[in-house]
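Next one to model:
(chains A, B and C)
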Amino acid sequence: MRSQRFGDRYQLRFESGELVAESLLGWLKANEIGYATMTGLGAVSGATVSYWNAETHQYETHELREQLEVVSLIGNVTVKEGAPFTHIHVTLGRRDLSIVGGHFNDATVHPNLEIWLQRESETVERLLDESSGIFLMHLPEDG
Amino acid sequence: MRSQRFGDRYQLRFESGELVAESLLGWLKANEIGYATMTGLGAVSGATVSYWNAETHQYETHELREQLEVVSLIGNVTVKEGAPFTHIHVTLGRRDLSIVGGHFNDATVHPNLEIWLQRESETVERLLDESSGIFLMHLPEDG
Amino acid sequence: MRSQRFGDRYQLRFESGELVAESLLGWLKANEIGYATMTGLGAVSGATVSYWNAETHQYETHELREQLEVVSLIGNVTVKEGAPFTHIHVTLGRRDLSIVGGHFNDATVHPNLEIWLQRESETVERLLDESSGIFLMHLPEDG
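Got it, this is the predicted structure:
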C-alpha cells in the first residue's frame, strides 16, 4: 500500500493482490488515527461481505470469488477496545453491471483500490450496545 | 440522535427506532446549516425511496418494509424556501446482498446509522426550475 | 455547468442535457486542479458505464439509454500525461429501484447532477502500470 498525506487528508492506493483489511488496519495504527472518514473505489478479485440479521443479531458472511468493481466504498475509522476499527460498506459491480453489496469485511485488490481519508485530531470510541450486540460510536452531544 | 463537532465537520449517530428525516432536519435547523455535504452508512428496518419519472415529473415513492443495510448514503444540505432541505440518495442492501436504491425520503434506523457532514459558512439556496418542477441549487458562477 | 467555490471545496451543478465528461474535464483544466476527490448524486437520461475485464485487461463498455437516478458518484481527479484525468464509479437506479453500475465514462444529465469536490494544492500523477495496462496513482510513501 502506498499513501500521500495532505494535512489531515490522505490518499491511499492498495497494490494488486493486497488484502485490504490487514493493510488498512496496520496503516491506521501506524498513523495513530482515532477518527476518520473514508471514501473509495477500485476493483477486486474477491471480497467478503456481510448482512446483519436483525433477528439473530449476527452478521451473515458471504465470500464472493470473482472480479468485481468497487463501485462505492464508504466508511469510518474509530477506536474499539484500544485499537483502530473500521466500519465500511461497499457496492460491488459485476460484468453485467449488476450490483451486490453490504458490510465490508475484506477484499483482495486487483488491480487497484483507491481510498481517501479525512482524519480528525480527536478520537471517537465505540462501546458495546447490549441490545443489538453492536459497538456504537460514543458521541457526546444529544440531538 | 447524538453528534460530535470537529470544527466545520460533524459526526452524527442516529438511534435505533429513530426516523431519519425529522431528526436530521431538526438538527440542521438547530445548527443553522445553510450548506453541507453528507456521507453515511448503517442499517434500517424500513425505508421510503423514490424514482423521479422524467415523463410525469413526479417522484414515484416505494415503501420498503424489511431490514436493509444502508450501503451508501450521499447527500447535501441547502436552503429551500427559508428552511434546511436535504437531497440524499441511498443504496440499500438485502440479505442476499442484492441492492436497491434511489432518492431517499425517510427511514427507520435499526440498529445504527452514521452520517458525517462537512458544512460551509455560506448558504446555498434552491430555486424552482419550472421546466422540471425540481428545486435546483442557485450557484453563482458559470462554467 | 455552474459552480460555487468555498476555499478548497467546490459545489458543481450540471444543467439538463449537459454531457458530464466534457464539461467536468474543461472545468478541471480551467481551475488547474491537480488532485481532488469527488462525490455526487442526481439523475441522467443516459449513461456509458464500463466493467474492467481482468482476463483481457480491457474495459467492456455499456450504453444505458434510459432515465436513471445517479444514486452514488464517487471519484477522484489526478493528472495523466499532463492533463486532468477523472476516475469515477457510479451506481444508477432504475424505476423499479434496481441498481446497475460500474466505471463511469459519461452521462447526459437530466434534469440535475450535483458533484462536490475537495481539492488539494498538490498534484497527483498517474503512471502506466504495465502489468494491468491501467494508469495508477504515483504516491510517494510506502505502507
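
Flag every residue of chain A that's near chain C.
The interface of chain A toward chain C, taken as Cβ under 8 Å from any Cβ of the partner chain, is made up of A:1-6, A:9, A:11-13, A:16, A:26-27, A:30, A:39-41, A:43, A:45, A:67, A:69-74, A:91, A:93-95, A:97-99, A:110-112, A:114, A:116. Backbone N, C-alpha and C define where each C-beta goes, glycine included.

pull the longest strand from chain A.
The residue-count maximum for a strand in chain A (DSSP state E) belongs to strand A:99-119.

counting contacts, what elements does the lowest-mean-pLDDT helix or strand in chain A pack onto?
Least confident helix or strand of chain A, by mean pLDDT, DSSP states H and E, is strand A:141-142 with a mean of 77. If you count contacts as 3 or more Cβ pairs under 8 Å, 6 or more residues apart in numbering or on different chains; DSSP states H and E, strand A:141-142 packs onto strand B:2-6.

Quick one: the helices in chain A, in order.
Along chain A, counting by DSSP state H, helices occupy A:20-30.

Quick check: which ranges of it have low pLDDT?
A:143 (pLDDT under 70).

Spatially central residue for it, please.
A:Ile88 (3.2 Å; Cα atoms, centre = their mean).

Pairing-wise in the sheet, spell out the partners of it.
Taking DSSP bridges as the rule, A:Ile88 bridges to A:Gly75.

what's it in contact with, if anything?
A:Met38, A:Leu73, A:Ile74, A:Gly75, A:His103, A:Phe104, B:Leu41 (Cβ atoms under 8 Å, 6 or more residues apart in numbering or on different chains).

Near A:Lys80, how many residues? Count them for me, please.
By other Cβ atoms under 10 Å in any protein chain shown, 15 other residues sit near A:Lys80.

Isn't it up against A:Glu125?
Yes. Taking Cβ atoms under 8 Å as the definition, A:Lys80 is a contact partner of A:Glu125 at 7.2 Å.

So is stretch A:3-23 next to chain B?
No. Stretch A:3-23 stays out of contact with chain B when judged by Cβ under 8 Å from any Cβ, the minimum separation being 9.6 Å.

if we can go back for a sec, partner strands of the least confident helix or strand of chain A, with direction?
Here, using DSSP bridges, strand A:141-142 pairs with strand B:2-6 (antiparallel).

For the strand it pairs with, which outside residues touch it?
Applying Cβ under 8 Å, 6+ apart, the set of residues contacting strand B:2-6 is A:35, A:120, A:122, A:124, A:137, A:139-143, B:10-13, B:15, B:27.

let's see it at 7 Å
With contacts defined as Cβ atoms under 7 Å, 6 or more residues apart in numbering or on different chains, strand B:2-6 is touched by A:Glu120, A:Glu122, A:Val124, A:Leu139, A:Pro140, A:Glu141, A:Asp142, B:Tyr10, B:Gln11, B:Leu12, B:Arg13, B:Trp27.

Please apply the same query to stretch A:8-23.
A:1-4, A:27, A:105-119, C:124, C:132, C:136-137, C:139.

Which positions within it qualify as buried?
Residues of stretch A:8-23 classed as buried by neighbour count (16 or more other Cβ atoms under 10 Å in any protein chain shown): A:Arg9, A:Tyr10, A:Gln11, A:Leu12, A:Arg13, A:Phe14, A:Ser16, A:Glu18, A:Val20, A:Ser23.

now it, how far from the centre of its chain.
Relative to its parent chain, stretch A:8-23 has a centroid offset of 11 Å by Cα atoms, centre = their mean, to the nearest Å.

likewise stretch A:114-121?
On Cα atoms, centre = their mean, the centre of stretch A:114-121 falls 12 Å from that of its chain.

and the longest strand of chain A with strand C:99-119, angle?
10 degrees (axes from the mean of the first three to the mean of the last three Cα atoms, to 10 degrees).

what angle separates strand A:99-119 from helix A:20-30?
10 degrees.

hmm, back to that, of the contacts of stretch A:8-23, keep whichever come out buried.
The neighbour count (16+ other Cβ under 10 Å) marks A:1-4, A:27, A:105-119, C:124, C:132, C:136-137, C:139 as buried among the contacts of stretch A:8-23.

What values do phi and psi take at the closest residue to A:Leu127 other than its chain neighbours?
Distance criterion Cβ to Cβ, 6 or more residues apart in numbering or on different chains; nearest residue to A:Leu127, sequence neighbours excluded, is A:His138 at 5.0 Å. In terms of degrees, to the nearest 10, the main-chain angles of A:His138 are phi -90, psi 100.
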